[in-house]
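Visitor: model this:
(one chain, ligands or ions: 1)
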Amino acid sequence: MRPGLALAAGLQVGGCTRHPPGSPNLVLVTVDTLRADHLGFAGYARDTSPHLDALAREGVWFSRCYAPSSTTGASHASLFTSIPPPLHGVLANRQRFPKLPTLMSALRERGYLTAGFASSVVLGRKSGLQDHFEHFADELSRPELNRPQRFERPAKATVSAALAYLKARPAGSPFFLWIHLIDPHGPYRAPEEPDRFVGDVHGAGVSPILPLGQSDWVRGQIPAYQALEGRGDAPFYVARYDAEIRYADAALGDLFAGLRGLGLCERSLIAVTADHGETLVEPGHKRCFSHGTVAYEETVRVPLVIREPSGQKHLRAVARDGLVTLLDVAPTLLALMGLPPASGFEGRNLLQVNAPTDASVFSLGAYGSDTLEKQIGTQFSLLRSPWRYVRNSQDGREELYDHRLDPQEARDLAAGQPQVLAALRQEMDLFLARGQAKAPPVEMTPEHIEALKALGYGR
Ligand SMILES: [Zn+2]
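Guide: Next up, the predicted model:
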C-alpha cells in the first residue's frame, strides 16, 4: 500500500492494524436464480420474502438492478471485479475466476478477514474462487433431485456454517463475509414446505400444461433437469420456485438473527442480491424455467438490497429507480465503508448518482461449450431504456423490445425500428470490441462435466 494512500484514508501505517477504528463489517449475500419481481417488497402477491422485506425497509432497494450475465460464474466474477464479462474473461461457468483486483482483495489490503461460503459446484473450488478468500467453504451436503449422485448445500446449512465461522474467527479485525445460496435454482424442491404455495389463489389462471422435455434447451417444454413428479402444469412449478425463495429467505432470517446474537448486526453493512433471474412461463418465444443461454429481462433483472450500519444513512439520498448493475455493487459497498474503489473497477459509486440515469446495461447468456454454441448460441443484450436490444450469435438474428409498451419483451419490434436498431447495434459492437466476447471452449474433467449437467448446464 502506498503511504500516501494509507494516510489519505486515515489508516495506521506503522501499526498492526490497517483499518480505521470502527470499520464496519460487510456481509454480502448472493441468492442464485432469484428474480427481482418475485419478492414481497417488489410487490409480488405471495409472501415469499418476509425477512428480506424487513431488510429492505431498514435499508434501501434498487428497483432496476441488472446482472451482466445470466450465468452464475460470469455474473459473480463481475460482481467481485466490477468489470463486465468480456473484460474479466469469465463468460461461462467452467472458466476460472481471474486474478484481478476484487472486492475481496480491496478489503484484505485494509486488514479485513475475508470468508466465502458457496452452495454450488459452479462456485466451488474448481472455479478458483477460493484463491480470493482467506477462508473458503464449499461443502455440498444434499443430493440433487434428478441427479442424486450430485450435491448442493441448502441455505440453512450454508448460513449455519457461516455463523460458526463468525463465532470462531480471530478477534480484532473487521470481516467480509460472502454467502452464496443456491436454493431458488432448479429443480424446485425446497427443504422445508416445498408445497406451501401449491394450489393457492395466486397460482390460478393462465399458465399452461407443458410437455416434459428430453433436454434442457427446447422452447415451450419443462427442461429435463427441472422435472418434478412427472408433472407438466406450469403453476405447480412456479409455486415450487416461490417456495424455494421462501426457504432461502428463512435462512436469511437465521443469518440476521445470528448476527444480532453475536452483536454484529448493527456494525455490519449488509447487502443481498442475485447472480441472475429465471424464466418461468414467459411469453411464447422463450425457454421455460431456465437461465444461462438468454439475456432477457426476467433472467437479468435482479434484486439489490443494501442496509447500512446503524446510524448511517448515506443511501437515503441516492436515486434508487435508475439503471444499476452488479458492477456498481463493489464500488458502492466500499464507499459506504469509507474506502476507495480498487484499481480497474468500472462500476459506479452509487452515492455519487443523484438522479436516475440513462445508463446502458449489457448482459449475456453463454455457456462456453462448443456443442452448445452450435446448438443454441450465445445471446447478447443491451438495455438502454426504454429499449432492449438482443443479438443471437447462432444466426445473427436481432430483436428489439420497447419496455414502455412491453415490459415482458413479448413483441419483437426489430423489423419496424431500423434507426433504433442501428444505434443499439453500433453500441453493442463497441462494447463487444472491448474484449473477447465469445466464450472460449474450456478443458473440463468428466467429474466437472457431470456436476454441471446436474445443475442443468451443458446437456
Ligand atoms: Zn446462478
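Visitor: so when I look at L252, I'm seeing a helix, right?
Guide: Yes: the assignment for L252 is a helix, going by DSSP: H, G, I helix; E, B strand; the rest coil.
Visitor: the closest residue to it other than its chain neighbours: what secondary structure?
Guide: Residue nearest to L252 in three dimensions, not counting chain neighbours: H51, with 4.7 Å by CB to CB, 6 or more residues apart in numbering. For glycine as for every other residue, the C-beta is placed from the backbone atoms N, C-alpha and C. Here H51 is recorded as helix under three-state DSSP.
Visitor: pLDDT value on H51, please?
Guide: Note for H51: predicted pLDDT of 98.
Visitor: let me see the contact set for the most centrally placed residue in the chain.
Guide: Centroid-nearest residue in the chain: D275, 1.1 Å away (criterion: CA atoms, centre = their mean). By CB atoms under 8 Å, 6 or more residues apart in numbering, the contact list for D275 reads 30, 32-33, 67, 69, 71-72, 75-76, 79, 302, 326.
Visitor: 7 Å - rerun?
Guide: 30, 32, 67, 72, 75-76 (CB atoms under 7 Å, 6 or more residues apart in numbering).
Visitor: please apply the same query to L145.
Guide: 187, 189.
Visitor: kindly provide the distance from it to the ion.
Guide: For L145, the distance to the ion equals 17 Å [CB to the ion, to the nearest Å].
Visitor: backbone dihedrals for that residue, please?
Guide: The phi/psi pair for L145 (degrees, to the nearest 10) reads phi -60, psi -50.
Visitor: for the residue lying closest to P309 once chain neighbours are set aside, phi and psi?
Guide: In space, and not counting its chain neighbours, P309 is closest to P24: 4.5 Å by CB to CB, 6+ apart. Dihedral angles of P24 (phi, psi; degrees, to the nearest 10) stand at phi -70, psi 150.
Visitor: wait, P24 touches L269, no?
Guide: Yes: between P24 and L269 there is a contact at 4.9 Å, judged by CB atoms under 7 Å.
Visitor: does the ion have contacts with stretch 283-296?
Guide: No: on the criterion CB under 5 Å from the ion, stretch 283-296 is out of touch with the ion, staying 6.9 Å away.
Visitor: let me know how buried the residue nearest to V90 when sequence neighbours are not counted is, in neighbour terms.
Guide: Once flanking residues are discounted, V90 sits nearest to A77: 3.9 Å by CB to CB, 6+ apart. A77: 30 surrounding residues under other CB atoms under 10 Å.
Visitor: now swap in A74 and tell me
Guide: Neighbours of A74 (other CB under 10 Å): 32.
Visitor: one more: H202?
Guide: With other CB under 10 Å as criterion, H202 counts 15.
Visitor: kindly identify which of the contacts of D275 also come near the ion.
Guide: 32, 72.
Visitor: just the closest of the contacts of D275 to V201, please.
Guide: Among these, D32 lies closest to V201 (CB to CB), at 28.1 Å.
Visitor: I'd like to check which residues are in contact with the closest one.
Guide: Per CB under 7 Å, 6+ apart, neighbours of D32: 72, 120, 180-182, 184-185, 274-275.
Visitor: pick out the residue of the stretch 151-300 of the chain closest to the ion.
Guide: The nearest approach of the stretch 151-300 of the chain to the ion comes at D275, 4.2 Å away (CB to the ion).
Visitor: list the buried residues of the helix or strand containing the residue nearest to V90.
Guide: Using DSSP states H and E, A77 maps to helix 72-81. Buried residues in helix 72-81, counted by 16 or more other CB atoms under 10 Å: 72-81.
Visitor: how distant is it from the center of its chain?
Guide: Chain-centre distance of helix 72-81: 8 Å, with CA atoms, centre = their mean, to the nearest Å.
Visitor: swap in stretch 346-362?
Guide: For stretch 346-362, the distance to the chain centre is 18 Å (CA atoms, centre = their mean).
Visitor: stretch 118-136 too?
Guide: In terms of CA atoms, centre = their mean, the gap separating the centre of stretch 118-136 from the centre of its chain is 15 Å.
Visitor: same deal with stretch 110-127?
Guide: With CA atoms, centre = their mean, you get 14 Å for stretch 110-127.
Visitor: what is the end-to-end distance of that stretch?
Guide: Distance between the two ends of stretch 110-127: 25 Å, counting by CA to CA, to the nearest Å.
Visitor: buried set for it?
Guide: Those would be 110-124, 126-127, for stretch 110-127 by 16+ other CB under 10 Å.
Visitor: picking up where we left off before, against the ion, how distant is the residue nearest to P309?
Guide: 27 Å.
Visitor: now that residue: how far from T332?
Guide: From P24 over to T332 the distance is 14 Å, taken as CB to CB, to the nearest Å.
Visitor: who has more neighbours, those two?
Guide: Counting neighbours by other CB under 10 Å for P24 and for T332 shows that T332 has the greater number, 27 against 22.
Visitor: quick one: contacts for the more buried one?
Guide: 349-351.
Visitor: now, which of these sits nearest the ion?
Guide: L350 (23.2 Å).
Visitor: quick one: classify the closest residue to the closest one other than its chain neighbours as helix, strand or coil.
Guide: Spatial nearest neighbour of L350, chain neighbours left out: T332 (4.4 Å); criterion: CB to CB, 6+ apart. Under three-state DSSP, the three-state class of T332 is helix.
Visitor: kindly provide the distance from T332 to the ion.
Guide: Distance from T332 to the ion, by CB to the ion: 21 Å.
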